[in-house]
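**Student:** next come a sequence and a model predicted from it.
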Amino acid sequence: VGVVTGDGTLLSRLEQPTDARRGARAVLTDLQLAIRQVQDSLGRIEGIGVACAGQIQPDTGAVVHASNLGWRDVPLGPALRETFSVPVAVENDVRAAAWGEFRFGAGQGAGSLVTVFVGTGVGSGAVIDGRLWRGAGNAAGELGHTQVVAGGLACPCGQRGCLEQYVSGNGFARRLEQAIATGAATRLADLVGRDPSRLTADMVSTAAAEGDPLAREIWDDAIRSLTMALANYVTLLNPEVLVLGGGVLDAAPKLADLASAGVLALTTPLARASLRIDRARLGDWSGVVGAAALARER
Ligand SMILES: [Zn+2]
């Protein structure tokens, strides 16, 4: 939770774990207390912007489904509106981050931008001709579930070959888990103490460079699929700025560099000529800053 001024400055901030296992009601209560706490140092607030994982009902700001939180039909927007009596904007977290980078980060002054965050999953947000692109059903930007391998690895979303299976923290861990289950020899298994959830992008990158066969396969797939997805995005939308961020790219910046170089080779000449590729500037706070801006603009 942060207090954000009109020019995107964070005046105060407060961090605490969500601990979603306790259920939506407990999380909402904590959130309201945290907002009160940062608000008390200021007095009046003009609005509340929330960046929330999952699918958001566009009119009310209710959370339709957020698998990371285990939420279905949680009245996030309505509850905050009732408690604080100010305008409330609830936006998908990655799209809010895209808006934050567009207004106050790497995309400041640009007319259009695409942000891609590679972390536990893959998310993206696009700003086209100055407008945040939400799509007809408020579902735009699910880059992680675009398909990069026909009939490829199964994804929890029900499809096969989704980008997220080839380049994301969860995707890396799932592949190591399968390798361990089938008894494949890989030093990654030792590095994580046979617990795939401890795998980091940095471990994959280092083990690949040292010649570990599984790590090399995961690493090569990650570079190839991310490059392809980014290049297709740029070819389709012709954005002025492509912003890359997220935990996986922070831990393995070489992946971002290699994919960026590949993008330039795979896009059309005019799209390439008008493109600038940059790293996210607002870090973990891009969603907060972006959601605040959206609340203010509403
Ligand atoms: Zn999928």
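**Tutor:** Looks like it arrived, so ask away. Numbers count the residues shown, from 1 in each chain.

**Student:** do you know how far Ala207 is from the ion?
**Tutor:** 26 Å (CB to the ion, to the nearest Å). Every residue, glycine included, has its C-beta placed from N, CA and C.

**Student:** so which bits of the protein are right by the ion?
**Tutor:** Where the chain comes near the ion, counting by CB under 5 Å from the ion, the residues are 145, 155, 157, 159, 162.

**Student:** quick one: which of those residues has the most company?
**Tutor:** Of all these, the highest neighbour tally under other CB atoms under 10 Å goes to Cys162, namely 27 neighbours.

**Student:** residues touching that residue, list them.
**Tutor:** 144-148, 152-153, 155 (CB atoms under 8 Å, 6 or more residues apart in numbering).

**Student:** same list (those) but as TSV, adding pLDDT.
**Tutor:** Listed next are the contacts of Cys162 as TSV, based on pLDDT from 0 to 100:
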residue	pLDDT
Gly144	96
His145	95
Thr146	96
Gln147	96
Val148	96
Gly152	97
Leu153	96
Cys155	94
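
**Student:** ok, back up a step: now, among the residues of the chain next to the ion, which is nearest to Asp7?
**Tutor:** His145 (35.2 Å; CB to CB).

**Student:** distance of the residue lying closest to Asn92 once chain neighbours are set aside from Pro253?
**Tutor:** Sequence neighbours aside, Ile56 is the residue nearest to Asn92 in space, at 5.6 Å (criterion: CB to CB, 6 or more residues apart in numbering). Per CB to CB, to the nearest Å, Ile56 is found 31 Å from Pro253.

**Student:** next: Gly109.
**Tutor:** 25 Å.

**Student:** which one's more surrounded, the two?
**Tutor:** Pro253 (14 against 8).

**Student:** helix or strand for Val243, which one?
**Tutor:** Here Val243 is covered by strand 241-245, with elements defined by DSSP states H and E.

**Student:** so what strands line up beside that strand?
**Tutor:** The strands that strand 241-245 pairs with in its sheet are strand 113-118 (parallel), strand 276-279 (parallel) (by DSSP bridges).

**Student:** got the angle between the very next helix or strand once past the last one and strand 241-245?
**Tutor:** Where DSSP H and E defines the elements, the next helix or strand beyond strand 276-279 is helix 286-297. Angular relation of helix 286-297 and strand 241-245 on a 0 to 180 degree scale: 130 degrees, by axes from the mean of the first three to the mean of the last three CA atoms, to 10 degrees.

**Student:** what about Asp221, distance to the ion?
**Tutor:** 15 Å.

**Student:** and for Ala215?
**Tutor:** In terms of CB to the ion, Ala215 sits 23 Å off from the ion.

**Student:** all helices for the chain, in order.
**Tutor:** 24-40, 76-84, 93-104, 169-181, 187-191, 201-209, 213-237, 247-251, 253-266, 269-273, 286-297 (DSSP state H).
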